[in-house]
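Chemist: dropping a prediction and its sequence here:
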Amino acid sequence: QPFRWSTCGNQIRYSSTRKNLPRDTYPSLVKRLRVVVYNGDWDACVPHTDGEAWTRGMGYAEAAPWHPWMYKNGTQVAGYAIRYAANNFSFVTVKGGRHEVPETAPEQALELIRRLVSGQTF
């Protein structure tokens, strides 16, 4: 059926066959890959508190509890992070980032990707 396009419009209806995506999918990913879940802290569509709650709810031991992560040669806070003991699985917020983090916080987003690709922790 036709619909009017809008960002985050949620006009597409579907039924998920997976009841709990984080519980059912992320543990197998974390065993094989380094996983970083991130949210902009100004995201009104997907609040960072939800991402924090479900990543904490996975039950992994925290290797580095809630702490700032820095950019610009360590002079500015880029956001906050929790790093878990399971394969450096991390939940990261991006300060000033909205729903599309690279668009609204490009320098912090670049640093996030640089750290992920280079294997640096948060």
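Modeler: Received it, and whenever you're ready, just let me know what you need. Residues are numbered from 1 along each chain as shown.
Chemist: going forward, measure contacts and count neighbours with C-alpha atoms only.
Modeler: Noted.
Chemist: would you map the helices across the protein?
Modeler: Taking DSSP state H as the test, the helices found in the chain are 21-32, 48-56, 101-104, 106-118.
Chemist: same list (these) but as TSV, adding mean neighbour count and distance to K95.
Modeler: Listed next are the helices of the chain as TSV, based on neighbours: other Cα atoms under 10 Å; distance: least, Cα to Cα, whole Å:
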stretch	mean neighbour count	distance to K95
helix 21-32	13	24
helix 48-56	16	11
helix 101-104	17	9
helix 106-118	15	8
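Chemist: so which of those helices is nearest Y38?
Modeler: helix 48-56 (7.6 Å; Cα to Cα).
Chemist: what packs against the closest one?
Modeler: Applying 3 or more Cα pairs under 8 Å, 6 or more residues apart in numbering; DSSP states H and E, one finds that helix 48-56 makes contact with strand 36-40, strand 90-94.
Chemist: using PDB, list the CA coordinates for it.
Modeler: Extracted in PDB, the C-alpha atoms of helix 48-56 (Å, rounded to 0.1, in the frame of the first residue of the first chain):
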ATOM      1  CA  HIS A  48      20.300   6.100  24.800                       C
ATOM      2  CA  THR A  49      18.800   5.000  28.100                       C
ATOM      3  CA  ASP A  50      17.100   2.100  26.200                       C
ATOM      4  CA  GLY A  51      20.400   1.000  24.600                       C
ATOM      5  CA  GLU A  52      22.100   1.200  27.900                       C
ATOM      6  CA  ALA A  53      19.400  -0.800  29.700                       C
ATOM      7  CA  TRP A  54      19.300  -3.700  27.200                       C
ATOM      8  CA  THR A  55      23.100  -3.900  26.900                       C
ATOM      9  CA  ARG A  56      23.400  -4.000  30.700                       C
END
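Chemist: where in this protein is pLDDT low?
Modeler: Within the chain, the ranges that satisfy pLDDT under 70 run 1-3, 5-12, 14, 18.
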